[in-house]
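Asks: the sequence isn't on hand, but the structure is:
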């Protein structure tokens, strides 16, 4: 099932979006969908990074490549 959304844009916004859609070789609809999904993915990635960084900051232990190789017998 497909869902459609309506957004209100002023002339400048519409022109800017249409221009970038054309540059990327996509329809305005495909361009806006791709940009929206990319923004969501970026936000999720940033959230995961912040969580990992907070965990690392609690116990900032690192290992060199040599230490890892030795640990795994490589």
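Replies: Nice, thanks for sending it over. All values reported here derive from a predicted model rather than from experimental measurement. Numbering: from 1, shown residues only.

Asks: ok, residue 28 to residue 47 distance?
Replies: Counting by CB to CB, to the nearest Å, the gap between residue 28 and residue 47 amounts to 29 Å. Quick note: C-beta positions are derived from backbone N, CA and C, even for glycine.

Asks: pick out whichever of those two has more residues nearby.
Replies: Neighbours around residue 28 and residue 47, counted as other CB atoms under 10 Å, are more numerous at residue 28. The numbers are 15 against 10.

Asks: and the helices in the protein?
Replies: 11-23, 28-58, 65-71 (DSSP state H).

Asks: out of these, which gets nearest to residue 3?
Replies: Of all those, it is helix 28-58 that lies closest to residue 3, at 11.1 Å by CB to CB.

Asks: what about the closest one, average pLDDT?
Replies: Taken as a whole, helix 28-58 carries a mean pLDDT of 97.

Asks: for residue 26, grab the count of nearby residues.
Replies: Here the count is done by other CB under 10 Å, and residue 26 has 15 residues near it.

Asks: now the residue lying closest to it once chain neighbours are set aside: how far from residue 41?
Replies: Of all residues not flanking residue 26 in the chain, residue 34 sits nearest, at 6.9 Å (CB to CB, 6 or more residues apart in numbering). Here residue 34 is placed at a distance of 10 Å from residue 41 (CB to CB).
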